[in-house]
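Trainee: Predicted coordinates and the sequence they were generated for:
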Amino acid sequence: MRFLDGQPPAHDLTYEDVFLVPRHSDVGSRLEVDLATRDGSGATVPVVAANMTAVSGRRMAETLARRGGLAVIPQDIPLDVVTEVVGWVKGRDTTLETPITLGAHDTVGDALNLLPKRSHDAAVVLSDGRPIGVVTAADLHEVDRFTQVERVMSHEVTSLPHGLSPREAFDRLHEARHRLAPVVDDDGRLLGLLTRTGALRSALYRPAVDEQGRLRIGAALGINGDVADRASRLLSAGVDLLVLDTAHGHQERMRAALRAVRALDPGIPLVAGNVVHPDGVRDLVEAGADVVKVGVGPGAMCTTRMATGVGRPQFSAVHACAGAARELGAKVWADGGVRHPRDVALAVAAGAHNVMVGSWFAGTHESPGDLEHDSEGRAYKISFGMASARAVQQRTEGESAFERARKALFEEGISSGRQYLDPVRPGVEDLLDTVVAGIRSACTYAGAADLESLHDRALLGVQTRAGYEEGRPLTAGW
């Protein structure tokens, strides 16, 4: 990566401050671009759902891994729950979606509670494991909540046999004029669900899978307590990468935790952070990190910079830290500050191998929170930072009332904020489509056939706020 006219600016930059300059390209189509990362994570697109309680759970992990990304289960989740989630995700199909299922005698109220967990708003009704109907949100409109779903479901079920290619599945759904269908085995028992859009995505994405062909998933752990014991248990659960995470990663306690986990010879990538300076990268890599997480204060739920004055503009932090990591044969992840697809492309151009997304993904059907509606009927979910009062309260449930109250006085994150679902792109796959399309196009503009080439060929310019605003579309005219 280099700056226009070879003149790096004398001040630090955010993603809004920079832009990519088009270069000569022999990449004929954006679909030719290889988006696989080279950091050992196994991701085939450079997107990781952050280890935030409001973001990463089983549905997020399953959905993202099926499309080539990763999710990291937060460090505050009990070990037995993490073990169960990892096993569940590992058991999911790499093509078919895990459907919501109901019995014929379940009620409309049951369906209304479950349908918001999927962006397609549909559930399969089963009898003896076989589909007998499909119920959608439209079927439930203004229906008494105690009505049994067999009375409102669609009885005309077009099931797909297992083993169809994505194109064959799409063509059958198109011909039947159905947007989704259950997929069944030879005995007619439900195996999964496939939508028309899902069939298209299966032809465009490669899932992130382990050596046994199972979906990948990561897990985070803190740096307090018996770190080696928790890491050992997570390794036994089958996680594909470990993330040692704390707000201030450049500290001796992190280095000690890294050495303890490295001594286990984990055999999977070890990620640690967060830092914003090359010195931090060098210290964490020396202590055993394969990947260093970069970012202090850029997150939408983080008040660290306003409360403490500590942090660094994210683009410059990633650029500086990535350079130090390359010298050591290590990698960096850009963590935080992503608000638009362009930001992911710019993070990769700066040298990141993966880009972590937090609050943006919190406002999707796949995030763990309950779907709520405001007074105008707009759907949203509650998001909160991992240093917020709400997160601290969850993390300290086992401590005395005095200790919990004492720690609650010092929060560095917004306790809660509404993340509204985009009505056009309400699912994480919808957002991922826009991100991936943006990265692919950025690569073609830069003449890059893969992510490494994007970093090598990236020509960056610096712009004013007016320059940034000039690039924003006008959806309603002047």
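Mentor: Sure thing, it's come through.
Trainee: who touches the residue lying farthest from the centre of the chain in this structure?
Mentor: Farthest-out residue of the chain from its mean C-alpha position, per Cα atoms, centre = their mean: R151, at 37.6 Å. Contact analysis of R151 by Cβ atoms under 8 Å, 6 or more residues apart in numbering lists nothing. Where you see a C-beta, it was placed from the backbone N, CA and C, and this is true even at glycine.
Trainee: Could you do the one 5 residues further on as well?
Mentor: With Cβ under 8 Å, 6+ apart as the criterion, no residue contacts E156.
Trainee: Quick check: buried residues in whichever strand or helix holds A111?
Mentor: Assigned by DSSP states H and E, A111 belongs to helix 108-114. Neighbour-count burial for helix 108-114, counted by 16 or more other Cβ atoms under 10 Å, picks out 108, 110-111.
Trainee: What confidence value was assigned to S236?
Mentor: pLDDT for S236: 97.
Trainee: So it: helix, strand or coil?
Mentor: Secondary structure, DSSP: H, G, I helix; E, B strand; the rest coil: S236 is helix.
Trainee: With adjacent residues omitted, what lies nearest to the most centrally placed residue in the chain?
Mentor: Residue closest to the average C-alpha location in the chain (Cα atoms, centre = their mean): A49, at 2.3 Å. Spatially, and ignoring its direct neighbours in sequence, A49 is nearest to A71 (3.9 Å; Cβ to Cβ, 6 or more residues apart in numbering).
Trainee: Now the strand or helix carrying F361: buried residues?
Mentor: For F361, the element it lies in under DSSP H and E is helix 359-362. By neighbour count with 16+ other Cβ under 10 Å, helix 359-362 contains the buried residues 359-362.
Trainee: now stretch 97-107
Mentor: Buried positions in stretch 97-107, judged by neighbour count with 16+ other Cβ under 10 Å: 97-102, 106-107.
Trainee: Among the residues you listed, which one sits closest to G267?
Mentor: Closest approach to G267 among those (Cβ to Cβ): T98, at 28.3 Å.
Trainee: Name the nearest residue to that closest one, ignoring sequence neighbours.
Mentor: Take T98 and drop its neighbours on the chain: the residue closest to it by Cβ to Cβ, 6+ apart is R92, 5.7 Å away.
Trainee: The one you found: neighbour count?
Mentor: For R92, the count of nearby residues is 21 (other Cβ atoms under 10 Å).
Trainee: Against V271, how distant is it?
Mentor: Separation of R92 from V271 (Cβ to Cβ, to the nearest Å) stands at 23 Å.
Trainee: Where does pLDDT dip in the stretch 351-478 of the chain?
Mentor: By pLDDT under 70, the low-scoring segments of the stretch 351-478 of the chain are 385-398, 410-416.
Trainee: what about 90?
Mentor: The model of the stretch 351-478 of the chain has pLDDT under 90 over residues 369-370, 382-418, 473-478.
Trainee: just the chain next, same as before
Mentor: Residue ranges of the chain with pLDDT under 90: 5-8, 28, 119, 154-158, 299-308, 369-370, 382-418, 473-478.
Trainee: Regarding it, what is its longest helix?
Mentor: Secondary structure of the chain per DSSP state H: the longest helix is helix 428-446.
Trainee: Quick check: buried residues in the next helix or strand after it?
Mentor: The first helix or strand that comes after helix 428-446 along the chain, using DSSP H and E, is helix 451-457. By neighbour count on 16+ other Cβ under 10 Å, the buried set for helix 451-457 is 451-455, 457.
Trainee: Phi and psi next, for the residue nearest to the centre of the chain.
Mentor: phi -70, psi 130 (degrees, to the nearest 10).
Trainee: on that earlier part again, now the longest helix of the chain, how far from the chain's geometric center?
Mentor: Mean C-alpha position of helix 428-446 versus that of the full chain (Cα atoms, centre = their mean, to the nearest Å) differs by 14 Å.
Trainee: try stretch 125-143
Mentor: Taking Cα atoms, centre = their mean, one finds the center of stretch 125-143 at 30 Å from the center of the full chain.
Trainee: Surely I132 forms part of a strand?
Mentor: Yes: judged by three-state DSSP, I132 forms part of a strand.
Trainee: Give the full set of residues in contact with it.
Mentor: I132 sits in contact with 104, 125-126, 150, 153, 155, 157, where contact means Cβ under 8 Å, 6+ apart.
Trainee: Could you rerun that using 7 Å?
Mentor: By Cβ atoms under 7 Å, 6 or more residues apart in numbering, I132 lies in contact with 104, 125-126, 157.
Trainee: Would you list the buried entries among those?
Mentor: By 16+ other Cβ under 10 Å, the contacts of I132 give 125-126, 157 as buried.
Trainee: The buried residues of stretch 97-107 into CSV, with extra columns for secondary structure?
Mentor: Compiled in CSV, the buried residues of stretch 97-107 are given as follows (three-state DSSP):
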residue, secondary structure
E97, strand
T98, coil
P99, coil
I100, coil
T101, strand
L102, strand
D106, coil
T107, strand
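Trainee: So what touches the following helix or strand past the helix holding A111?
Mentor: Once the chain leaves helix 108-114, the next helix or strand it forms, by DSSP H and E, is strand 122-127. With Cβ under 7 Å, 6+ apart as the test, strand 122-127 has contacts from 99-104, 111, 114-115, 131-136, 149-150, 153, 180, 182, 190, 193.
Trainee: can you give me how far strand 122-127 is from the chain middle?
Mentor: Centre-to-centre, strand 122-127 and its host chain are 28 Å apart (Cα atoms, centre = their mean).
Trainee: Direction included, what does that strand pair up with?
Mentor: strand 101-103 (parallel), strand 130-136 (antiparallel) (DSSP bridges).
Trainee: one step back: going by distance to R67, which of the buried residues of helix 359-362 wins?
Mentor: Closest approach to R67 among the buried residues of helix 359-362 (Cβ to Cβ): F361, at 12.5 Å.
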